[in-house]
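**Student:** Fold the following.
(2 chains)
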Amino acid sequence: MAEMDTSGGGHKKGPGVKKGKKLSTRVDLTPMVDLGFLLITFFIFTTTMSQATAMKLFLPKDADKPEDQNKAKQSGVLTILLGKDNNVFYYEGELDNSASNFKSSNFKDIRTVIINKKNSVHELKDFVVILKPSEECTYKNVVDILDEMTINVCTRYALVDISAVETTLIKKSEEIAPPTGQ
Amino acid sequence: MGRAKLPRKSTSIDMTAMCDVAFLLLSFFILTTKFKPSEAIAVTTPKSVAAKVAPQKDIVEVIFDKDGKVFLTMDDEQIKETIANTLNSTRNLNLDVRAFKKALFFGAPFSGMAAFLAIPEEQRKGNKLPGIPVLDSTNNELTAWMTLVRDAYQGKKPNLLLKGDNLAKYPAFKSVIDAFKKNDFLKFQMVTNPEPVPTGTDLWKKTMAGEKREE
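**Tutor:** Numbers count the residues shown, from 1 in each chain, chains lettered A, B, ... in the order given. Down below sits the predicted model:
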């Protein structure tokens, strides 16, 4: 491996000194190859492979009058609320007075919830997901839940402001069940 | 029968060909490598299944970092010049138009804009700058910025990008969206890192069936 052919000169000795063999002009290229591949590995690892992608979001124009607002059928509505520390809450239809249909979930399980709801809705066009991020949730949570919409092919969804009732409900359930993170 | 005498061959292999290949690959990788420009604003973008590559030209990008500080970047120098002139004439900010044109991003309230431009480019680091104030809903300066952008583009639509940090809180995102909405920018794209589509989901089935995804 490490022997080096000293063909490049230095063997011209005086006339009396005779070297037996004539050395070939070949150079051992092994170290050069080593170096080459080392650099290749370096550049492969430093190359940024993934280019940033972009997900599109279309915002609705704010309706000035309440009668202009889109109405959704109660049976097909799934409301997802985002709390702090990656907590997710949801309820189907309208929130009832005792908040008995207010359930807590997380980002792993919310997909099943969405799929179940989607399958149980009679007509797919009635299926609407309402997303309500709270003040405490992060941008990542919002993108994740929007991504979940793409993943489960929910064509109708809306990003809506959270109401005071829901904020208190989130606070309460976060106190009861301490946040588990993911 | 005696075996033919094989000439003694040396065990060393000619490395020239391998060397050629190695250096060919090396030059290829050197040339294709694009080093990540050291970013003045540290942002870790979230992941999504979106497959479309983010546009590179004609962009107006709003960046918000984990503290909710908002920055604005544009790539069109013509547009920047127009904006600088408008700012100077309407708000009397007395900005250095050339410095404004060359600035890679903007991250200061209007009142501190002249001071911001006085900082040398390489010393403008996101964590030391105030950012564009957005959280105060009565004085959301990004709204004013977006109006400037819209007017400068004169009806043409720039590629509006939004790049947020994983840990940024929702109110920052919301005020940015509000600023967009108020200026009728209803279409925008969020910069994310690609992620594979989870198997078994509806989208996965669709892709497997060869249906094209609507972007």
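**Student:** Which helix in chain A has the most residues?
**Tutor:** Counting by DSSP state H, the longest helix found in chain A is helix A:30-46.
**Student:** what does chain B give?
**Tutor:** Longest helix in chain B by number of residues (criterion: DSSP H): helix B:16-32.
**Student:** related to what we said a few turns ago, the longest helix of chain A - what's its average pLDDT?
**Tutor:** Helix A:30-46 shows a mean pLDDT of 85.
**Student:** helices and strands around it, which ones?
**Tutor:** Identification of packing neighbours for helix A:30-46 by 3 or more C-beta pairs under 8 Å, 6 or more residues apart in numbering or on different chains; DSSP states H and E yields helix B:16-32. C-beta: built from backbone N, CA, C; applies to glycine.
**Student:** Check the offset of the helix it packs on from the chain's centre.
**Tutor:** 31 Å (C-alpha atoms, centre = their mean, to the nearest Å).
**Student:** Show me what counts as buried in that helix.
**Tutor:** Buried residues in helix B:16-32, counted by 16 or more other C-beta atoms under 10 Å in any protein chain shown: B:18-19, B:22-23, B:25-26, B:29.
**Student:** Repeat that for stretch A:151-170.
**Tutor:** Under the neighbour-count criterion of 16+ other C-beta under 10 Å, stretch A:151-170 has A:151-154, A:156-157, A:159, A:162, A:166-167, A:169-170 buried.
**Student:** check these against chain B, which are close?
**Tutor:** For chain B, the contacts drawn from the buried residues of stretch A:151-170 by C-beta under 8 Å from any C-beta of the partner chain are A:151-153, A:159.
**Student:** helix, strand or coil for the residue most central in space within chain A?
**Tutor:** Centroid check for chain A by C-alpha atoms, centre = their mean gives A:Asp144 as the closest residue, at 6.7 Å. Using DSSP: H, G, I helix; E, B strand; the rest coil, the structure places A:Asp144 in helix.
**Student:** hmm, back to that, does chain A have contacts with the next helix or strand after the longest helix of chain B?
**Tutor:** Per DSSP states H and E, helix B:16-32 leads on to strand B:47-48 as the next helix or strand towards the C-terminus. Yes: Strand B:47-48 is in contact with chain A by C-beta under 8 Å from any C-beta, via B:47-48.
**Student:** what ranges do the strands span in the chain?
**Tutor:** You didn't say which chain, so I picked chain A. Along chain A, the segments classed as strands by DSSP state E run A:53-58, A:77-82, A:87-92, A:103-106, A:128-133, A:157-159.
**Student:** hmm, I had chain B in mind actually
**Tutor:** For chain B, applying DSSP E gives strands covering B:47-48, B:59-64, B:70-74, B:159-164, B:187-194.
**Student:** Same list as before, the ones you listed that is, but in JSON lines and with mean neighbour count and mean pLDDT included.
**Tutor:** Shown next, in JSON lines, are these (neighbours: other C-beta atoms under 10 Å in any protein chain shown; pLDDT from 0 to 100):
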{"stretch": "strand B:47-48", "mean neighbour count": "20", "mean pLDDT": "83"}
{"stretch": "strand B:59-64", "mean neighbour count": "23", "mean pLDDT": "84"}
{"stretch": "strand B:70-74", "mean neighbour count": "22", "mean pLDDT": "84"}
{"stretch": "strand B:159-164", "mean neighbour count": "22", "mean pLDDT": "85"}
{"stretch": "strand B:187-194", "mean neighbour count": "20", "mean pLDDT": "84"}
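**Student:** Reformat the ones you listed as JSON lines; add distance to B:Lys174.
**Tutor:** What follows is the strands of chain B, written out as JSON lines (distance: least, C-beta to C-beta, whole Å):
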{"stretch": "strand B:47-48", "distance to B:Lys174": "19"}
{"stretch": "strand B:59-64", "distance to B:Lys174": "11"}
{"stretch": "strand B:70-74", "distance to B:Lys174": "12"}
{"stretch": "strand B:159-164", "distance to B:Lys174": "11"}
{"stretch": "strand B:187-194", "distance to B:Lys174": "14"}
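**Student:** Excluding sequence neighbours, find me the nearest residue to B:Leu186.
**Tutor:** Nearest residue to B:Leu186 in three dimensions, chain neighbours excluded: A:Leu59, at 4.5 Å (C-beta to C-beta, 6 or more residues apart in numbering or on different chains).
**Student:** and B:Ala4, how many neighbours?
**Tutor:** 6 (other C-beta atoms under 10 Å in any protein chain shown).
**Student:** from the buried residues of helix B:16-32, which are also near chain A?
**Tutor:** Answer for the buried residues of helix B:16-32 near chain A (C-beta under 8 Å from any C-beta): B:18-19, B:22-23, B:25-26, B:29.
**Student:** of all those, which comes closest to A:Lys132?
**Tutor:** B:Phe29 (47.6 Å; C-beta to C-beta).
**Student:** Can you show me the helices along chain B?
**Tutor:** According to DSSP H, the helices that chain B contains are B:16-32, B:77-91, B:97-102, B:113-118, B:141-153, B:170-182, B:202-208.
**Student:** now those helices in TSV, with mean pLDDT and distance to B:Ala4?
**Tutor:** What follows is the helices of chain B, written out as TSV (pLDDT from 0 to 100; distance: least, C-beta to C-beta, whole Å):
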stretch	mean pLDDT	distance to B:Ala4
helix B:16-32	86	29
helix B:77-91	83	78
helix B:97-102	80	78
helix B:113-118	81	85
helix B:141-153	82	83
helix B:170-182	83	81
helix B:202-208	80	61
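**Student:** Now those in CSV, please, with extra columns for distance to A:Thr30.
**Tutor:** Below are the helices of chain B laid out as CSV (distance: least, C-beta to C-beta, whole Å):
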stretch, distance to A:Thr30
helix B:16-32, 9
helix B:77-91, 52
helix B:97-102, 50
helix B:113-118, 56
helix B:141-153, 59
helix B:170-182, 56
helix B:202-208, 47
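**Student:** Mind picking the two most distant members of the ones next to chain B among the buried residues of stretch A:151-170?
**Tutor:** That would be A:Val153 and A:Leu159, which, of those, are the farthest apart (C-beta to C-beta) at 17.7 Å.
**Student:** related to what we said a few turns ago, can you list the residues that contact the longest helix of chain B?
**Tutor:** By C-beta atoms under 8 Å, 6 or more residues apart in numbering or on different chains, the surrounding residues in contact with helix B:16-32 are A:29, A:32-33, A:36-37, A:39-40, A:43-44, A:47.
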